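Visitor: What follows is a protein structure lacking sequence information:
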């Protein structure tokens, strides 16, 4: 049995800046105040295994009301939090006042306070599985998942609360030190912030390849409603692909991926290539809460609880649950060029050679791009980016029919690296990754760029680019109507700050229209129509919405006309309407 010195140093600053911390405070403003939890709601059974997986183990906590955990399955970690190495101030107990089943299929960990000193007199609960057998063999995948309601507190009354669902490597129980043995934090939140952190701890402490004691993590991610309802938190260790990776999920959505290439092979093997045991705990105070304002304090309520509905482990033989795009990689082996290369050993062609151990790497500056010539027009369905450690935080996926004029079909400013699969809609002969902000001081580096799609450009080609374009108004001389049809996603049309407004293109002759692409700037339309006309006076609507969400919208439409216009009737902001590009296909 491990000693408390093996308690992880559950650290806090993984990818978090002071600005990011302040930004997440806004999320908690909508959280419900108070400490009442939903433990009495009807419990759900552990869900059926995901496709390709089998259920290895689960617990649905169906014990009688007021009973403790099954000690054949779980064991209590008891004693003062000060012995855990994280600065916690509670005492962990095996009392059913702190750890109990509610008789409705839930396990409850409850933090209680006595006395008048907010920094003393706290008790709570922490348990771990007796078994340390949950992992993935070489070539396989394992998924650990749990349905949890975080303590129903807010930033006003929850300072110091620190719920967690996490795992430690089995080798910790046989003498390997932390963090060499590996720690995977599936859920952590602090101070009622309605958020989630996912982190891997590995290597040596302090420093080392895993930046201990911080670890390598997702940073803080918003988790709206996680204090007031049950949500699922999961991690997958995928040893079926090269490079191997760990993926974190919130309610089934993959929000962070960590490839093995982020650290050296020995560090990864020591941290991941073994089974794990699972832990739940509800800590009070410590280094992590202190990094976000501290606590507990005089306003911190007693009695808030972490409710656990079920926990399950699933295993899969071979394959991957978050694969690169299905179907043939149409980029593989195709002519590939780049804005620059770091050196002769990292050429552009290495990103499309089908070998995940070779890579393209750029010069150490912004912007940079990698471009592949598919040889003919394809309708794209997905893009896979297998980043090396030098990844992009801000980038676009762009397409072109001529290699000169580009259209953005995907854009982000919050890229997290790893192995990303992007579902896209767009067409072109040329496809490029256009990076505008690097995550590191180095360049951009991709092991592989994968594309899937079907040949032919069945939705037609762009027939609006360079055609005469007019508008109801322009904000100023720098945002003319023509900027929306010039094929340049760095220029834009912007209207006056009133409703309605329109942008119109003359195709030169009556054409069949099959698709319209709207690449909105931040000032977009919530209500608008796509209209066609043969004379520029009498208009027919071929698309209409009152719930536009902006961004890059691709609309499959059916209609015909010489003139096509976007007719906006409700702005999303106090500014006008603004389009980087307005493309008509036919």
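Guide: Okay, I see it. Bear in mind that the values here come from a model prediction, so they are computed numbers and not experimental data.
Visitor: make it CA atoms for all contacts and neighbour counts henceforth
Guide: Fine.
Visitor: What segments of the stretch 251-400 of the chain are helices?
Guide: Ranges of helices in the stretch 251-400 of the chain, per DSSP state H, counting those that start in this stretch, are 265-272, 287-291.
Visitor: What helix or strand is residue 449 located in?
Guide: strand 445-455 (DSSP states H and E).
Visitor: ends of stretch 225-243, how far apart?
Guide: One end of stretch 225-243 to the other measures 35 Å (C-alpha to C-alpha, to the nearest Å).
Visitor: swap in stretch 472-489?
Guide: Stretch 472-489: ends 21 Å apart by C-alpha to C-alpha.
Visitor: which residues sit against it?
Guide: 405-408, 464-471, 491-497, 501-503, 576, 579-583 (C-alpha atoms under 8 Å, 6 or more residues apart in numbering).
Visitor: please redo it, this time with the cut-off set to 7 Å
Guide: 405-408, 464-466, 469-471, 491-496, 501-503, 579-583 (C-alpha atoms under 7 Å, 6 or more residues apart in numbering).
Visitor: again, but for stretch 345-359
Guide: Contact partners of stretch 345-359, identified using C-alpha under 7 Å, 6+ apart, comprise 242, 331-334, 336-338, 341, 360-361, 370, 445-449.
Visitor: Name the strands paired with the strand holding residue 449 and say parallel or antiparallel.
Guide: Strand 445-455 pairs in its sheet with strand 360-361 (antiparallel), strand 368-387 (antiparallel), by DSSP bridges.
Visitor: Of all these, which one comes closest to residue 204?
Guide: Counting by C-alpha to C-alpha, residue 204 lies closest to strand 368-387 out of the strands paired with strand 445-455; the figure is 24.5 Å.
Visitor: List the buried residues for the closest one?
Guide: For strand 368-387, the buried set under the neighbour-count rule, 16 or more other C-alpha atoms under 10 Å, comprises 368-374, 377-387.
Visitor: Closest to the geometric centre of the protein, which residue is that? Let me know.
Guide: The structure's the chain has its C-alpha centroid closest to residue 255; by C-alpha atoms, centre = their mean the separation is 2.2 Å.
Visitor: Okay, that one and residue 61: tell me how far apart.
Guide: For residue 255 relative to residue 61 (C-alpha to C-alpha), the value is 28 Å.
Visitor: any idea whether the closest residue to residue 576 other than its chain neighbours is helix, strand or coil?
Guide: Residue nearest to residue 576 in three dimensions, not counting chain neighbours: residue 497, with 4.1 Å by C-alpha to C-alpha, 6 or more residues apart in numbering. Following DSSP: H, G, I helix; E, B strand; the rest coil, residue 497 is assigned to coil.
Visitor: you'd agree residue 497 is up against residue 573?
Guide: No: the pair residue 497 and residue 573 fails to qualify as a contact (C-alpha atoms under 7 Å) at a distance of 9.1 Å.
Visitor: between the two, who's got more neighbours?
Guide: Set residue 497 next to residue 573 and count neighbours by other C-alpha atoms under 10 Å: residue 497 wins out with 17 against 13.
Visitor: Tell me which residues touch that one, please.
Guide: Taking C-alpha under 7 Å, 6+ apart as the test, what residue 497 contacts is 574, 575, 576.
Visitor: Using the three-state scheme, assign the second one.
Guide: When you say that, I think you mean residue 575. coil.
Visitor: okay, residue 458: pLDDT?
Guide: At residue 458, the model reports a pLDDT of 44.
Visitor: repeat for the one 5 residues further on
Guide: In the prediction, the pLDDT value recorded for residue 463 is 85.
Visitor: Neighbours of it, how many?
Guide: 18.
Visitor: Kindly report the same for residue 488.
Guide: Residues lying near residue 488 (other C-alpha under 10 Å) number 17.
Visitor: mind checking pLDDT for residue 129?
Guide: For residue 129, pLDDT reads 95.
Visitor: I'd say it and residue 77 touch.
Guide: No: applying C-alpha under 7 Å, one finds residue 129 not in contact with residue 77, separated by 10.4 Å.
Visitor: So between those two, which is more surrounded?
Guide: residue 77 (21 against 18).
Visitor: which ones are touching that one?
Guide: Contacts for residue 77 (C-alpha under 7 Å, 6+ apart) come out as 92, 126, 127.
Visitor: got TSV for those, with neighbour count and distance to residue 133 too?
Guide: Shown next, in TSV, are the contacts of residue 77 (neighbours: other C-alpha atoms under 10 Å; distance: C-alpha to C-alpha, whole Å):
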residue	neighbour count	distance to residue 133
92	25	25
126	24	19
127	22	16
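Visitor: Just these: which are in strands?
Guide: The strands, defined by DSSP state E, take in 92, 126, 127 from the contacts of residue 77.
Visitor: got a list of what the closest residue to residue 308 other than its chain neighbours touches?
Guide: Sequence neighbours aside, residue 148 is the residue nearest to residue 308 in space, at 4.5 Å (criterion: C-alpha to C-alpha, 6+ apart). Residues in contact with residue 148 (C-alpha under 7 Å, 6+ apart) are 230, 231, 232, 307, 308, 309.
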